[in-house]
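Trainee: Fold the following.
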Amino acid sequence: MSSFYDRYSTERRRKGSVLCVGLDPDPARLPEGYDRGDIIPAIRSFLADVIRATGELAVAYKPNLAFFEVLGPRGMELFADVLEEVRSLAPEALIIADAKRGDVGHTAERYAKTFFETYQCDAVTLRPYMGMDTIDPFLAYRERAAIVLCHTSNAGAPEFQESGEPPLYLRMAAAVATRNEETGNLWMVVGATRDPASIRRIRDEAPDVPLLVPGVGAQGGDLEGVLEAAGQDVLIYAGRAILYAAPERDGVARAAAAEAERLVRVMRTYLS
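Mentor: Model (predicted):
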(Lines give C-alpha, C1' and ligand atoms only; values in the text may rest on other atoms or scores of the structure.)
Protein backbone atom coordinates (compact mmCIF):
# COMPACT_ATOMS: atom_id res chain seq x y z
CA MET A 1 0.00 0.00 0.00
CA SER A 2 1.23 3.52 -0.80
CA SER A 3 1.73 5.84 2.13
CA PHE A 4 -0.95 8.26 3.28
CA TYR A 5 1.15 11.20 2.10
CA ASP A 6 1.78 9.69 -1.33
CA ARG A 7 -1.92 9.02 -1.84
CA TYR A 8 -2.74 12.53 -0.63
CA SER A 9 -0.21 14.06 -3.04
CA THR A 10 -1.60 12.06 -5.95
CA GLU A 11 -5.17 13.15 -5.25
CA ARG A 12 -4.13 16.77 -4.67
CA ARG A 13 -2.57 16.88 -8.13
CA ARG A 14 -5.35 14.93 -9.82
CA LYS A 15 -8.23 16.94 -8.37
CA GLY A 16 -6.52 20.29 -7.95
CA SER A 17 -7.90 20.29 -4.43
CA VAL A 18 -6.95 20.02 -0.77
CA LEU A 19 -10.53 19.67 0.45
CA CYS A 20 -11.42 17.40 3.37
CA VAL A 21 -15.18 17.00 3.86
CA GLY A 22 -16.51 16.40 7.35
CA LEU A 23 -19.12 13.71 7.91
CA ASP A 24 -20.63 14.74 11.24
CA PRO A 25 -24.35 13.86 11.10
CA ASP A 26 -26.60 15.66 13.59
CA PRO A 27 -30.11 14.11 13.55
CA ALA A 28 -31.59 17.46 14.62
CA ARG A 29 -30.20 19.08 11.46
CA LEU A 30 -31.13 16.34 9.01
CA PRO A 31 -32.63 18.08 5.96
CA GLU A 32 -36.34 17.68 5.34
CA GLY A 33 -37.30 14.87 3.00
CA TYR A 34 -35.30 12.04 4.58
CA ASP A 35 -37.39 9.39 6.36
CA ARG A 36 -37.11 10.19 10.06
CA GLY A 37 -38.98 7.05 11.07
CA ASP A 38 -35.66 5.25 11.42
CA ILE A 39 -32.87 7.77 11.74
CA ILE A 40 -29.98 5.39 11.00
CA PRO A 41 -30.80 4.62 7.33
CA ALA A 42 -31.88 8.24 6.89
CA ILE A 43 -28.44 9.47 7.98
CA ARG A 44 -26.73 6.91 5.77
CA SER A 45 -28.73 8.12 2.75
CA PHE A 46 -27.97 11.74 3.62
CA LEU A 47 -24.21 11.18 3.94
CA ALA A 48 -24.17 9.08 0.77
CA ASP A 49 -25.79 11.98 -1.10
CA VAL A 50 -23.07 14.33 0.19
CA ILE A 51 -20.25 11.91 -0.65
CA ARG A 52 -21.63 11.32 -4.14
CA ALA A 53 -21.92 15.08 -4.73
CA THR A 54 -18.41 15.95 -3.54
CA GLY A 55 -16.41 12.87 -4.57
CA GLU A 56 -14.78 14.55 -7.58
CA LEU A 57 -13.39 17.35 -5.41
CA ALA A 58 -12.73 15.86 -1.97
CA VAL A 59 -9.25 14.51 -1.29
CA ALA A 60 -10.39 13.17 2.08
CA TYR A 61 -13.43 12.57 4.26
CA LYS A 62 -13.36 12.95 8.04
CA PRO A 63 -16.14 11.27 10.02
CA ASN A 64 -16.19 12.42 13.66
CA LEU A 65 -16.69 9.44 15.97
CA ALA A 66 -18.77 11.40 18.48
CA PHE A 67 -21.64 11.73 16.02
CA PHE A 68 -21.76 7.96 15.57
CA GLU A 69 -20.98 6.82 19.12
CA VAL A 70 -23.90 8.84 20.50
CA LEU A 71 -26.25 6.64 18.48
CA GLY A 72 -25.15 3.50 20.32
CA PRO A 73 -24.29 0.14 18.74
CA ARG A 74 -26.24 0.95 15.58
CA GLY A 75 -24.29 4.18 15.33
CA MET A 76 -21.04 2.26 15.12
CA GLU A 77 -22.58 0.03 12.47
CA LEU A 78 -23.48 3.24 10.66
CA PHE A 79 -19.86 4.41 10.98
CA ALA A 80 -18.68 1.22 9.27
CA ASP A 81 -21.36 1.61 6.59
CA VAL A 82 -20.32 5.22 5.90
CA LEU A 83 -16.71 4.12 5.44
CA GLU A 84 -17.95 1.65 2.83
CA GLU A 85 -19.95 4.42 1.14
CA VAL A 86 -16.76 6.48 0.80
CA ARG A 87 -14.86 3.50 -0.60
CA SER A 88 -17.65 2.84 -3.09
CA LEU A 89 -18.56 6.38 -4.16
CA ALA A 90 -15.15 8.09 -3.85
CA PRO A 91 -12.70 5.17 -3.92
CA GLU A 92 -9.51 7.25 -4.16
CA ALA A 93 -10.41 9.54 -1.25
CA LEU A 94 -8.65 9.16 2.07
CA ILE A 95 -10.58 8.41 5.26
CA ILE A 96 -9.59 10.20 8.46
CA ALA A 97 -11.19 8.95 11.67
CA ASP A 98 -11.67 12.03 13.84
CA ALA A 99 -11.35 10.20 17.16
CA LYS A 100 -8.91 12.39 19.14
CA ARG A 101 -7.59 9.40 21.03
CA GLY A 102 -4.62 9.56 23.39
CA ASP A 103 -3.72 7.08 26.13
CA VAL A 104 -0.97 4.92 27.60
CA GLY A 105 0.85 2.46 25.38
CA HIS A 106 -1.10 -0.77 25.78
CA THR A 107 -4.42 1.09 25.38
CA ALA A 108 -3.10 3.11 22.45
CA GLU A 109 -2.17 -0.16 20.75
CA ARG A 110 -5.83 -1.21 20.86
CA TYR A 111 -6.95 2.14 19.49
CA ALA A 112 -4.44 1.84 16.66
CA LYS A 113 -5.68 -1.65 15.78
CA THR A 114 -9.29 -0.42 15.98
CA PHE A 115 -8.90 2.32 13.40
CA PHE A 116 -6.17 0.90 11.19
CA GLU A 117 -7.12 -2.78 11.18
CA THR A 118 -10.76 -3.20 12.24
CA TYR A 119 -12.06 -0.17 10.32
CA GLN A 120 -9.18 0.20 7.83
CA CYS A 121 -9.06 3.99 8.13
CA ASP A 122 -6.17 5.83 6.52
CA ALA A 123 -5.51 8.23 9.39
CA VAL A 124 -6.71 9.09 12.88
CA THR A 125 -6.62 12.27 14.97
CA LEU A 126 -4.77 12.05 18.29
CA ARG A 127 -4.23 14.04 21.51
CA PRO A 128 -0.48 13.87 22.25
CA TYR A 129 -0.52 15.75 25.55
CA MET A 130 0.13 12.63 27.69
CA GLY A 131 3.47 12.41 25.89
CA MET A 132 4.77 11.42 22.49
CA ASP A 133 5.04 7.78 23.59
CA THR A 134 1.24 7.57 23.48
CA ILE A 135 1.26 7.99 19.70
CA ASP A 136 4.02 5.45 18.99
CA PRO A 137 1.58 2.55 18.39
CA PHE A 138 -0.06 4.58 15.60
CA LEU A 139 3.26 5.52 14.03
CA ALA A 140 4.12 1.82 13.69
CA TYR A 141 1.60 1.73 10.80
CA ARG A 142 3.93 3.55 8.40
CA GLU A 143 1.47 3.57 5.49
CA ARG A 144 -1.13 5.37 7.66
CA ALA A 145 -1.03 8.84 9.22
CA ALA A 146 -1.17 10.02 12.82
CA ILE A 147 -2.68 13.52 12.94
CA VAL A 148 -1.92 15.18 16.28
CA LEU A 149 -3.56 18.22 17.82
CA CYS A 150 -1.25 21.23 17.82
CA HIS A 151 -3.13 24.57 17.75
CA THR A 152 -6.86 23.99 17.58
CA SER A 153 -9.70 26.20 16.34
CA ASN A 154 -11.95 26.23 19.43
CA ALA A 155 -12.34 29.45 21.44
CA GLY A 156 -10.73 28.02 24.58
CA ALA A 157 -7.59 26.75 22.85
CA PRO A 158 -5.34 29.68 23.90
CA GLU A 159 -5.90 28.93 27.61
CA PHE A 160 -3.29 26.17 27.54
CA GLN A 161 -1.93 25.97 24.00
CA GLU A 162 -0.61 29.54 24.02
CA SER A 163 0.81 29.42 27.54
CA GLY A 164 4.53 29.56 28.25
CA GLU A 165 7.43 30.91 26.23
CA PRO A 166 7.77 29.54 23.69
CA PRO A 167 4.04 28.71 23.76
CA LEU A 168 3.00 25.11 24.17
CA TYR A 169 1.72 24.78 20.60
CA LEU A 170 5.15 25.68 19.21
CA ARG A 171 6.85 23.23 21.54
CA MET A 172 4.41 20.61 20.28
CA ALA A 173 5.18 21.51 16.66
CA ALA A 174 8.90 21.16 17.31
CA ALA A 175 8.44 17.77 19.00
CA VAL A 176 6.29 16.51 16.14
CA ALA A 177 8.82 17.71 13.57
CA THR A 178 11.62 15.85 15.34
CA ARG A 179 9.59 12.64 15.61
CA ASN A 180 8.47 12.91 12.00
CA GLU A 181 12.08 12.82 10.82
CA GLU A 182 12.10 9.19 12.01
CA THR A 183 8.67 8.02 10.86
CA GLY A 184 7.45 10.34 8.08
CA ASN A 185 3.76 9.77 8.83
CA LEU A 186 2.86 12.58 11.22
CA TRP A 187 0.49 15.45 10.49
CA MET A 188 -0.75 18.25 12.75
CA VAL A 189 -4.13 19.87 13.37
CA VAL A 190 -3.93 23.66 13.16
CA GLY A 191 -7.12 25.70 13.34
CA ALA A 192 -8.08 28.15 10.60
CA THR A 193 -9.54 30.52 13.21
CA ARG A 194 -6.09 31.21 14.63
CA ASP A 195 -4.06 34.21 13.42
CA PRO A 196 -2.27 33.21 10.19
CA ALA A 197 0.91 34.48 11.86
CA SER A 198 0.71 31.54 14.26
CA ILE A 199 0.47 29.16 11.30
CA ARG A 200 3.64 30.71 9.87
CA ARG A 201 5.36 30.20 13.25
CA ILE A 202 4.29 26.55 13.19
CA ARG A 203 5.64 26.26 9.67
CA ASP A 204 8.97 27.66 10.86
CA GLU A 205 9.13 24.99 13.58
CA ALA A 206 7.84 22.13 11.44
CA PRO A 207 8.33 22.95 7.74
CA ASP A 208 7.95 19.34 6.59
CA VAL A 209 4.91 18.28 8.63
CA PRO A 210 1.63 18.52 6.66
CA LEU A 211 -1.34 20.24 8.28
CA LEU A 212 -5.02 19.40 8.67
CA VAL A 213 -6.82 22.72 9.07
CA PRO A 214 -10.38 22.84 10.45
CA GLY A 215 -12.35 26.03 11.01
CA VAL A 216 -12.99 27.14 7.41
CA GLY A 217 -16.67 27.61 6.61
CA ALA A 218 -19.14 27.65 9.49
CA GLN A 219 -16.44 28.71 12.00
CA GLY A 220 -15.38 31.62 9.81
CA GLY A 221 -11.71 30.83 9.24
CA ASP A 222 -9.82 32.78 6.59
CA LEU A 223 -9.20 30.31 3.76
CA GLU A 224 -6.88 32.58 1.76
CA GLY A 225 -4.88 33.48 4.87
CA VAL A 226 -4.46 29.82 5.77
CA LEU A 227 -3.32 28.85 2.28
CA GLU A 228 -0.82 31.70 2.13
CA ALA A 229 0.63 30.77 5.54
CA ALA A 230 0.49 26.98 5.37
CA GLY A 231 1.65 26.22 1.83
CA GLN A 232 0.54 23.28 -0.28
CA ASP A 233 1.03 20.41 2.20
CA VAL A 234 -2.34 20.94 3.80
CA LEU A 235 -5.85 19.54 3.99
CA ILE A 236 -8.59 22.13 4.48
CA TYR A 237 -11.53 20.75 6.42
CA ALA A 238 -15.10 21.90 5.81
CA GLY A 239 -18.01 20.22 7.57
CA ARG A 240 -21.27 22.00 8.35
CA ALA A 241 -20.90 24.47 5.48
CA ILE A 242 -21.09 21.55 3.05
CA LEU A 243 -23.29 19.09 4.96
CA TYR A 244 -26.04 21.55 5.78
CA ALA A 245 -25.88 23.80 2.75
CA ALA A 246 -29.51 22.97 1.89
CA PRO A 247 -32.54 22.56 4.19
CA GLU A 248 -34.31 19.93 2.03
CA ARG A 249 -33.24 16.64 0.50
CA ASP A 250 -33.91 17.76 -3.06
CA GLY A 251 -31.23 20.42 -2.74
CA VAL A 252 -28.61 18.56 -0.70
CA ALA A 253 -26.45 17.26 -3.54
CA ARG A 254 -26.59 20.46 -5.56
CA ALA A 255 -25.81 22.72 -2.58
CA ALA A 256 -23.03 20.47 -1.23
CA ALA A 257 -21.37 20.35 -4.64
CA ALA A 258 -21.67 24.13 -5.04
CA GLU A 259 -20.05 24.85 -1.67
CA ALA A 260 -17.27 22.35 -2.35
CA GLU A 261 -16.67 23.94 -5.76
CA ARG A 262 -16.55 27.41 -4.20
CA LEU A 263 -13.86 26.35 -1.73
CA VAL A 264 -11.85 24.47 -4.34
CA ARG A 265 -11.85 27.46 -6.70
CA VAL A 266 -10.06 29.44 -3.98
CA MET A 267 -7.69 26.54 -3.28
CA ARG A 268 -6.67 26.29 -6.92
CA THR A 269 -5.36 29.86 -6.94
CA TYR A 270 -2.75 28.69 -4.40
CA LEU A 271 -1.99 25.25 -5.85
CA SER A 272 0.49 25.30 -8.70
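Trainee: mind checking the end-to-end distance for stretch 87-105?
Mentor: 30 Å (C-alpha to C-alpha, to the nearest Å).
Trainee: Measure how far that stretch is from the centre of its chain, please.
Mentor: Distance of stretch 87-105 from its chain centroid, counting by C-alpha atoms, centre = their mean, to the nearest Å, is 8 Å.
Trainee: Equivalent analysis for stretch 71-91, please.
Mentor: So, by C-alpha atoms, centre = their mean, the centroid of stretch 71-91 is 16 Å from its chain's centroid.
Trainee: Give me the mean pLDDT for the helix or strand hosting Met267.
Mentor: Met267 is located in helix 249-268, with elements delineated by DSSP states H and E. Throughout helix 249-268, pLDDT has a mean value of 97.
Trainee: swap in stretch 179-189?
Mentor: 97.
Trainee: Identify the residues contacting the residue most central in space within the chain.
Mentor: For the chain, Lys62 is the residue whose C-alpha lies nearest the centre (C-alpha atoms, centre = their mean; 4.5 Å). Each residue near Lys62 by C-beta atoms under 8 Å, 6 or more residues apart in numbering is listed here: 20-23, 95-98, 237, 239. Where you see a C-beta, it was placed from the backbone N, CA and C, and this is true even at glycine.
Trainee: Output the below-cut-off pLDDT ranges for the protein.
Mentor: For the chain, residues meeting the criterion pLDDT under 70 lie at 217-221.
Trainee: Using the three-state scheme, assign the residue in it sticking out farthest from the centre.
Mentor: The outermost residue of the chain, judged against the average C-alpha position, is Gly37 (30.4 Å), by C-alpha atoms, centre = their mean. Of the three states, Gly37 takes coil according to DSSP: H, G, I helix; E, B strand; the rest coil.
Trainee: list the contacts for it?
Mentor: By C-beta under 8 Å, 6+ apart, Gly37 has no neighbours at all.
Trainee: hang on, the earlier thing: the residue nearest to the centre of the chain is in what secondary structure piece?
Mentor: strand 58-63.
Trainee: and that strand with helix 249-268, angle?
Mentor: 120 degrees (axes from the mean of the first three to the mean of the last three C-alpha atoms, to 10 degrees).
Trainee: mind checking how far Ile242 is from Glu224?
Mentor: 18 Å (C-beta to C-beta, to the nearest Å).
Trainee: Looking at these two, which has the bigger crowd around it?
Mentor: More crowded of Ile242 and Glu224, by other C-beta atoms under 10 Å: Ile242, with 28 against 12.
Trainee: a strand runs through that one, doesn't it?
Mentor: No - counting by three-state DSSP, Ile242 falls outside a strand, being helix.
Trainee: ok, the contacts of Lys62 vs Ala253, which is closest?
Mentor: Taking C-beta to C-beta as the measure, Val21 is the one of the contacts of Lys62 closest to Ala253, at 13.0 Å.
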